[in-house]
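I would like the atomic coordinates for the input below:
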Amino acid sequence: MSDIEGTGTRYTSPLEGVTIESIQITLDLYRSGKAGVPIDTLWQFSCPILNHYQLELNIDPGSDVTAENIEDASLMLDILETASMIWDYCVLEPKKKLSALDTLTNDLLGHSPERTEAEQFMHLLSNMESLWLTLSKDAENTDPNWSPCEDSTWDSSTPISTNGTSHYGPDSLDIPEAFALFSRPLLDNDAVNSDPDLLEEAMTRAEIYWELAHVPSDQLDRHLNRLAEGNPLSSTPGKTLKEEALSMIEHFYQLFPERK
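Sure, this is the predicted structure:
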């Protein structure tokens, strides 16, 4: 299980009980392609994680595991696992993606992440969704020598469905700032902030509505109906979710009219 910690500046991978042999076996599994994505593609897809957590590794997936590099190798595998989980999320159909977002967040951040941590994770996820659109077009034929970390044509801050810009509103807010402003009606509540379960559910709803606000207008009704029918939050009636989603989407357009 991947372990993302802190407020966007730390990424840890525990070494307790890990051996050179076990790391090498797992790395060979990724190299074989049996993990589902060619390892060169998956490593390119991991670039936003490396950038987000400001990581510098002295090895790459082609390196053999040794006693000298075991710490970097363990961290590299943890990054690959995280990237694989996010790739699987990106592949999902929109209906399944809505219900899977909460699971993905819980798996990577735990059940009660800090608000700032969750907002920064949304930023990271948006970057990776944007990169996935490029890599998934032809994952089998992706040039292994190309890396988005070094390609100046790829903007690591550009999220999915933003019409080519990563800034929001007249104040040119970045994604964490924009998402924090957008989610305020759901999160600025004493009852919510004093109850970790309510805060977690409110953050999940905010993430869902943020995603819906970026859906093309001709597809929105279909996604809203799926939200009501699929109801990823069993504690909230589907009709209520749909009504709240419409209200939050209107709120989104009021904040960021250029996105309409």
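
Identify the residue spatially nearest to Leu199, adjacent ones excluded.
The shortest distance from Leu199 to any non-neighbouring residue, by CB to CB, 6 or more residues apart in numbering, is to Val192 (5.3 Å). Heads up, the C-betas are built off the backbone N, CA and C, glycines and all.

Helix or strand: which one has that neighbour?
helix 190-193 (DSSP states H and E).

Next secondary structure after that helix?
Counting by DSSP H and E, what follows helix 190-193 is helix 196-213.

Give me the average confidence score over that next one.
Taken as a whole, helix 196-213 has a mean pLDDT of 81.

Repeat that for stretch 248-258.
In this model, stretch 248-258 has a mean pLDDT of 92.

which of the residues in that stretch are buried?
Buried residues in stretch 248-258, counting neighbours by 16 or more other CB atoms under 10 Å, are found at Met248, Ile249, His251, Phe252, Leu255, Phe256.

show me what contacts the residue in the chain sticking out farthest from the centre?
Going by CA atoms, centre = their mean, the residue of the chain most distant from its centre is Ala67, 32.2 Å out. Residues near Ala67 by CB atoms under 8 Å, 6 or more residues apart in numbering: Ile20.

how about it, secondary structure?
Ala67 carries the three-state label coil when classified by DSSP: H, G, I helix; E, B strand; the rest coil.

Distance check, it against Leu57.
Distance of Ala67 to Leu57, given as CB to CB, to the nearest Å: 16 Å.

try Asp190
43 Å.

For the two, work out which one has more neighbours and name it.
Applying other CB atoms under 10 Å to Asp190 and Leu57 shows that Leu57 carries more neighbours, namely 14 against 7.

That one belongs to a strand, doesn't it?
No: under three-state DSSP, Leu57 falls outside any strand and is assigned coil.

Surely it touches Leu75?
Yes: the pair Leu57 and Leu75 passes the contact test of CB atoms under 8 Å, sitting 6.7 Å apart.

Phi and psi next, for Leu92.
phi -60, psi 150 (degrees, to the nearest 10).
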